[in-house]
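Chemist: Here is the input, now give the coordinates:
(chains A and B)
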Amino acid sequence: MPPDSAAPATPAPPRRRARLFDREAPLGYALVLPAALYLALFIAYPFGMSIFLSLSDAQAGNQKWSFIGTGNYSKIQSYDLLANDFVIGRFPSDASARAFLAARAGFKVETSPAPGGGSRATLAAAGRSIPLLDMAKEDDASFAGSTILQDTDWTVRPAGGQSEVVAHAKESPITLGTFETRAAVDLAAKKLLVPATTRVDIHGTGVLQDPNFLLALKNTFKYTFGTEILKLLIGVPCALLLNRKFGGRRLLRGLVVIPWVIPIAISAQAWLWILDSTYSVINWCLVHWGFLTPQNIINFRGDKDLAMLSVIVVNVWRGFPFTTIIILAGLTAIPDEILERAKLEGANGFQRFVHIISPMVRPILMVSLLFSVIFSFTDFNTIWIITKGGPFDQTQVLATYAYQLGVNAGYIGKGAAISLFMFPIMAVMVFFMLQFLRREA
Amino acid sequence: MAEVVLERVEKRFGDVLAVAGIDLTIRDKEFVILVGPSGCGKTTTLRMIAGLEEISGGDIRISGRSVTHLPPRDRDIAMVFQSYALYPHMTVARNMSFSLRLRGMPKEQIRERVKDVAQILGLSEHLDRKPRQLSGGQRQRVAVGAALCRQAGVLLFDEPLSNLDAKLRVHMRTELKRLHQSVQSTMVYVTHDQVEAMTMGDRIVIMNAGVICQVGTPLEVYYRPVSRFVAGFIGSPPMNFFEGELVADESGLAIALPGDMRLALPRPELASRAGRKVSFGIRPEHISVAQSGRPLSDVAWAAVSDPARVPAVIEVVEPLGHRVVVTARGEAGTFQMETEIHAGVRPGDRVDLWFDMNRAYLFDGETEATL
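Modeler: Below you'll find the model as predicted:
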């Protein structure tokens, strides 16, 4: 008989509740639960919701909406074929080209049936017959040919030892037609019979066809890389400086993080004043010291280049303490003996920085860069407070444009689509940075 | 020729005098150990030779040239640090060749030298590894290798073995000693471990509180310590000390210890000092169990004449193998002895012990100098 069943006075097993509290796993789950709920409620739900909305034509104040697939991302309606700088003819010498040009008044555009069907516009010029282009309709061919002949400036330019006569449209390229498919526009481009620079403009209702979106995308990259490069250029020397031993070092280390800990809504107000078009303190000083006159003060937020520079400066001012502190942490983690050994082995300050300090700080620098890039790429506050994306969308970034289009203008679906564009771009950037970090480690 | 001369070298940290004007000449190709308790100034001295600490006073000369105001890289020295100070992002080969690359030595020559040094240290297999892929002992050898690659006249070691486990430390002790014989550089080695000092050095410099107490060969400092400090520092287990008084009576000179103990002292030349306070010192290996007659099996005791008989109670017995360290309590106090395992003592035994008075030391009660 087994011994335990033989003993009738086996102690009763401890109560289930007591055992539950003794185990560690349930406690762990309990502690993680709020975070998991938070993630689900405030991250996963809005993320899923924005994917959902980006596939709809939902508009603010409009209760009816329907799924439109990827229409918010990309929906092409037409292709415009534009061309300019038509090469009318090539001549062996400058003189012969000029002689041809001089006879321009007598030139005519004639139409005839084209070999492949449709109609061909031909330039009858000084005894020569120059085919210009083929088009489906005779009217269109005639009109386009006449435009090239009459509404352009003709000049002579050297070309590889010869001279060519070029027709250049001053204001904008000449539109040669609007087409519904890519194939049609490509075919039309082939039917242009004189050499010219051509361009295809795509029109549509998706954000990819929105020139403002493309501008915002470009601005986002400008803004991100501009701030990150400046943050490194300022943060690294700052960290090196704060890593030296001097009186008041601890105080200065504390002071340097102030821009980072002040709420952006407050510090940006100060910057607004500093960069104000009328009351800018910088302008006041420059005028006061005689560098500027009140008539030509700098318009920080109104000039397109200065506006971008201004928001970059504000973001750098706010963000460089983070870079500094992280790099400082990396610097302090380098053992003194390693630097002493380098000194002993003959490395001067610069060599120690290049061969020892930077490689040892690089991994932590990448971590700081990773965070910093994420902050800058998704930054909304700085730009919204300083320029609201202006002037003329020159500081419009994805975050502000998504807000303007999605909330202010009410195109919720498009706004969602724009904000979702940030996700794959960020994912790719983060992937490469993590890849780099892994290789270093 | 790489002779290192320290002349009245001084180091102050604010008000603290860390090194108080020491004079020391380290001969060419000598292996000198700086040893002392922590805070005695030995590491500071080494770092001053290296040029990592500024000298507050005095002069340091290497190969006859004053280096006091030279930067470390111009001093013809190489150093092995306690933490090894390997560059974590460089391979072993690049770690070892860093100083050569900085000097712009041709690549071919660098490769040759690294290969040679790696051969000596048994690192040839690991040249392409990063330091973190190596064991502690291998890292230690890389640090030594980096110093050797310099082919500097003087090699400095700052407690290089203290981060190794006991077994590896003993092994590396031998390795470094062998290395010294083959590379023929002057070596200055700092340690707080007197066993390392005794086993490795040609000469030992014992420091305390910023001054040099004694310079000598291992046997000199062991047999003829100049002060109570040196006597207590060198030797393991350490020397036993008893405070007492020198007395002269009809049977000759003796030392009176607490508890009415009198040990006859075969040192008639000290008669003039009778009545003075002295410290009585005796090494554990010069105390033995007096059982029935003399312990003839213990060779060292065969020649001992007139040992003093001291009754004691055995408190702790620590076997080391063929020897045992025994802690005993007598009338005069607690002390340790080292004896053969065959002595067969057990805690609680009351036994008579023999003190070999011919090998006892006396130190002046005030100056602590050896008498």
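
Chemist: Parallel or antiparallel, list what pairs with the helix or strand where A:Arg90 lies.
Modeler: Secondary structure from DSSP states H and E places A:Arg90 in strand A:86-91. Strands adjacent to strand A:86-91 in the sheet, as given by DSSP bridges, are strand A:162-168 (antiparallel).

Chemist: picking up where we left off before, the strand holding A:Arg90: what's the following helix or strand?
Modeler: helix A:94-102.

Chemist: Any idea how many residues pack against the residue of the stretch 101-250 of chain A found nearest chain B?
Modeler: Residue nearest to chain B within the stretch 101-250 of chain A: A:Lys245 (13.6 Å; CB to the nearest CB). Quick note: C-beta positions are derived from backbone N, CA and C, even for glycine. A:Lys245: 5 surrounding residues under other CB atoms under 10 Å in any protein chain shown.

Chemist: Show residues contacting the strand holding A:Arg90.
Modeler: Outside strand A:86-91, the residues within contact range by CB atoms under 8 Å, 6 or more residues apart in numbering or on different chains are A:97, A:100, A:123, A:125, A:128, A:130, A:132, A:148, A:152, A:154, A:159, A:162-167, A:194-196.

Chemist: 10 Å - rerun?
Modeler: Outside strand A:86-91, the residues that touch it by CB atoms under 10 Å, 6 or more residues apart in numbering or on different chains are A:96-101, A:104, A:107, A:123, A:125-126, A:128, A:130, A:132-133, A:148-149, A:152, A:154, A:156-157, A:159-160, A:162-169, A:174, A:192-197.

Chemist: Buried ones in stretch B:18-32, by neighbour count?
Modeler: Going by neighbour count (16 or more other CB atoms under 10 Å in any protein chain shown), the buried part of stretch B:18-32 is B:Ala18, B:Val19, B:Ala20, B:Gly21, B:Ile22, B:Leu24, B:Ile26, B:Lys29, B:Glu30, B:Phe31, B:Val32.

Chemist: Straight-line length of that stretch, end to end?
Modeler: 20 Å (CA to CA, to the nearest Å).

Chemist: Same check on stretch A:390-401?
Modeler: End-to-end distance for stretch A:390-401: 11 Å, by CA to CA.

Chemist: for stretch A:340-350, same thing?
Modeler: End-to-end distance (CA to CA), stretch A:340-350: 14 Å.

Chemist: which element follows the helix ranked longest in chain A toward the C-terminus?
Modeler: For chain A, the helix reaching the highest residue count under DSSP state H is reported as helix A:211-242. Using DSSP H and E, the helix or strand that follows helix A:211-242 in sequence is helix A:249-255.

Chemist: ok, back up a step: mind listing which of the buried residues of stretch B:18-32 are in strands?
Modeler: Counted as lying in strands by DSSP state E, out of the buried residues of stretch B:18-32, are B:Ala18, B:Val19, B:Ala20, B:Gly21, B:Ile22, B:Leu24, B:Ile26, B:Phe31, B:Val32.

Chemist: hmm, back to that, what's the ChimeraX line that selects buried ones from the contacts of strand A:86-91?
Modeler: Applied in ChimeraX, the following selects the buried portion of those according to 16+ other CB under 10 Å:
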select /A:96,97,100,101,107,123,125,130,132,133,148,149,152,154,156,163,164,165,166,167,169,174,192,193,194,196
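
Chemist: Which secondary structure element of chain B has the lowest mean pLDDT?
Modeler: Least confident helix or strand of chain B, by mean pLDDT, DSSP states H and E, is strand B:287-290 with a mean of 80.

Chemist: Following the chain onward from it, which element is next?
Modeler: For strand B:287-290, the succeeding helix or strand toward the C-terminus, using DSSP H and E, is strand B:308-319.

Chemist: Nearest to chain A among the ones in strands among the buried residues of stretch B:18-32?
Modeler: B:Ala18 (17.3 Å).

Chemist: Which pLDDT does the model give residue 328?
Modeler: This is for chain A. Listed pLDDT for A:Leu328 reads 90.

Chemist: wrong chain, I was asking about chain B
Modeler: Value for B:Ala328, per-residue pLDDT: 91.

Chemist: Checking it next. Helix, strand or coil?
Modeler: At B:Ala328, secondary structure determined by DSSP: H, G, I helix; E, B strand; the rest coil is strand.

Chemist: what's around it, how many residues?
Modeler: Using other CB under 10 Å, B:Ala328 has 26 neighbouring residues.

Chemist: Check the model's average confidence along stretch A:401-420 for me.
Modeler: Mean pLDDT, computed over stretch A:401-420, is 87.

Chemist: Next, the buried residues of that stretch.
Modeler: A:401-406, A:411-420.

Chemist: which one of these sits closest to B:Glu243?
Modeler: Nearest to B:Glu243 among these: A:Ser419, at 85.1 Å, using CB to CB.

Chemist: Am I right that that closest one sits in a helix?
Modeler: Yes: using three-state DSSP, the assignment for A:Ser419 is a helix.

Chemist: That one reaches A:Tyr73, doesn't it?
Modeler: No: assessed by CB atoms under 10 Å, A:Ser419 is found out of contact with A:Tyr73, at 11.9 Å.

Chemist: which residues are in contact with both of the two?
Modeler: Residues touching both A:Ser419 and A:Tyr73 (CB under 10 Å, 6+ apart) are A:Ser54.

Chemist: rewinding a little: okay, and which of the buried residues of stretch A:401-420 map to helices?
Modeler: A:Tyr401, A:Ala402, A:Tyr403, A:Ile412, A:Gly413, A:Lys414, A:Gly415, A:Ala416, A:Ala417, A:Ile418, A:Ser419, A:Leu420.
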